[in-house]
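J.: here are the coordinates; sequence isn't available:
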């Protein structure tokens, strides 16, 4: 079963969008552009709060052994 983790390689701020990109096998740059447009169009404050909540909820990727 695949699990969603914050990325350690594709991180700009905290790795949430990079982790989503790795999970869905999508380029994180496209997701960041989509997220930025969505935040601007819907009001900045709710998007920032949603991202901060995602930082708390989505765990870091564990170290591979």
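T.: Noted; the coordinates are in hand. Since the structure is predicted, the reported quantities are computational estimates derived from the model, not experimental observations.
J.: Residue 38 and residue 15, how far apart?
T.: Distance of residue 38 to residue 15, given as Cβ to Cβ, to the nearest Å: 19 Å. Glycine gets a C-beta too; all of them are placed from N, C-alpha and C.
J.: ugh, typo on my part, it should be residue 30
T.: In terms of Cβ to Cβ, residue 30 sits 16 Å off from residue 15.
J.: Test my guess that residue 10 contacts residue 26.
T.: No. Counting by Cβ atoms under 8 Å, residue 10 stays clear of residue 26, with 10.8 Å between them.
J.: hmm, back to that, who's more crowded, residue 30 and residue 15?
T.: residue 15 (22 against 11; other Cβ atoms under 10 Å).
J.: Which pLDDT value goes with the nearest residue to residue 62 once chain neighbours are set aside?
T.: In space, and not counting its chain neighbours, residue 62 is closest to residue 5: 7.5 Å by Cβ to Cβ, 6 or more residues apart in numbering. Per-residue pLDDT puts residue 5 at 91.
J.: For stretch 35-46, which outside residues touch it?
T.: By Cβ atoms under 8 Å, 6 or more residues apart in numbering, the residues outside stretch 35-46 that reach it are 17, 47-48, 51.
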